[in-house]
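*Asks:* Okay, here's the prediction I keep looking at, along with the sequence it came from:
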Amino acid sequence: MRVVFPLSRPWPGGPVVLWGGALPAGSLKYLTFSHYLQSAPAETKGLVELSGASSALALDALGRERGLPVVALTDTLGTAYLRANGFGGEVRTVHGFTQAWELALDYERQGWFWPRQLANGALVESVESWTTRLLDVVQDVYPAVRCVVCGFGTGATVAGLHRPFAAAGYDVVGLQPAPGRVMPGWRRWAEQSLGSKDLFYPYREDVPLETADAKAVDALAALLAWAREERRPEEVLVISHNGRPPFE
């Protein structure tokens, strides 16, 4: 898939932003799952995932392209978010991670494709399929950038950024919600990790996780606020999964 990355610097002297909301399905997750679904069996009956944010929306768009039904398993907040953002599949509201996992296993046994985004390390390679190209663009168009910050959800995007960008000398940081705050698609590692089975576990000592400002109204605001606090904001690349360019 040929991708034109929507990058811009919203204000002079500020960070560069990758606007994922300008991509298909309004999210960078579309690129990741487009790559990963190439491994789905031809006889797949549908797509299912534990998600109440960008992953579910991306799978919904990809399911429509492939003529496959999509089920999202999420809590009440995720249910509201998906319905407010045009999710066209089935949303099943669950009460706790264990119930969601058991439901997904049941769908999988029936022939549905479950990416297992919280525990599937192969998704990092799918992220890397587009972050390596992003690195080339950033080096060419924004050579001053030296640091990359991204919201921390499953950890796949952060890890998939870390592998090529850190090798090229960049700092890569994951941003978690403040304690007691909920950001759609984000999680806190200490409280919501799956331990050694977690996708992010192998990267936990290599990728620093910092905490967002508790006053931030949404994910994009949190990322931009973090960038502003850096000594050189103009050297920061903000990865916004679903942010849209201003004045679009």
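*Replies:* Structure received.

*Asks:* which intervals of this protein have sub-threshold pLDDT?
*Replies:* Applying pLDDT under 70 to the chain flags the ranges 1, 247-248.

*Asks:* the strands in it, which residues?
*Replies:* Assigned strands in the chain, in chain order: 7-8, 16-19, 47-50, 70-74, 90-93, 147-151, 171-176, 209-211, 236-240 (criterion: DSSP state E).

*Asks:* got the CA positions of the second one in CSV?
*Replies:* Which is strand 16-19. This file holds the C-alpha atoms of strand 16-19, laid out as CSV (Å, rounded to 0.1, in the frame of the first residue of the first chain):
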residue,chain,number,x,y,z
VAL,A,16,5.7,18.1,13.9
VAL,A,17,2.5,16.1,13.9
LEU,A,18,1.5,12.9,12.0
TRP,A,19,-2.3,13.3,11.6
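
*Asks:* how far does that strand sit from the chain's center?
*Replies:* Put simply, strand 16-19 sits 14 Å off its chain's centre (CA atoms, centre = their mean, to the nearest Å).

*Asks:* Give the pairing partners of it; include direction for each.
*Replies:* Strand 16-19 pairs in its sheet with strand 7-8 (antiparallel), strand 236-240 (parallel), by DSSP bridges.

*Asks:* who's in contact with that strand?
*Replies:* 5-10, 28, 134, 138, 142, 145, 224, 236-240, 243-245 (CB atoms under 8 Å, 6 or more residues apart in numbering). For every residue, glycine as well, the C-beta is placed using N, CA and C.

*Asks:* Equivalent analysis for the fifth one, please.
*Replies:* For strand 90-93, contacts defined as CB under 8 Å, 6+ apart pick out 56, 69-76, 78-79, 82-83, 103.

*Asks:* Of those residues - the most surrounded one?
*Replies:* When neighbours are counted by other CB atoms under 10 Å, residue 56 leads these with 30 neighbours.

*Asks:* Roughly how far does that residue sit from residue 159?
*Replies:* Distance, residue 56 to residue 159, by CB to CB, to the nearest Å: 20 Å.

*Asks:* OK, contacts around residue 115?
*Replies:* Applying CB under 8 Å, 6+ apart, the residues near residue 115 are 33, 36-37, 47, 49, 55, 59, 123.

*Asks:* Around residue 141, how many other residues sit close by?
*Replies:* Under the criterion other CB under 10 Å, the count of neighbours that residue 141 has is 11.

*Asks:* one step back: out of the strands paired with strand 16-19, the one nearest residue 108 is which?
*Replies:* strand 236-240 (30.0 Å; CB to CB).

*Asks:* got the angle between the closest one and strand 171-176?
*Replies:* Using axes from the mean of the first three to the mean of the last three CA atoms, to 10 degrees, the inter-axis angle of strand 236-240 relative to strand 171-176 is 40 degrees.

*Asks:* export strand 236-240 as PDB, just CAs?
*Replies:* Only the C-alpha atoms of strand 236-240 are listed here, as PDB (Å, rounded to 0.1, in the frame of the first residue of the first chain):
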ATOM      1  CA  VAL A 236       9.500  16.400  18.600                       C
ATOM      2  CA  LEU A 237       7.400  14.300  16.200                       C
ATOM      3  CA  VAL A 238       3.900  13.700  17.700                       C
ATOM      4  CA  ILE A 239       2.200  10.500  16.500                       C
ATOM      5  CA  SER A 240      -1.600  11.200  16.700                       C
END
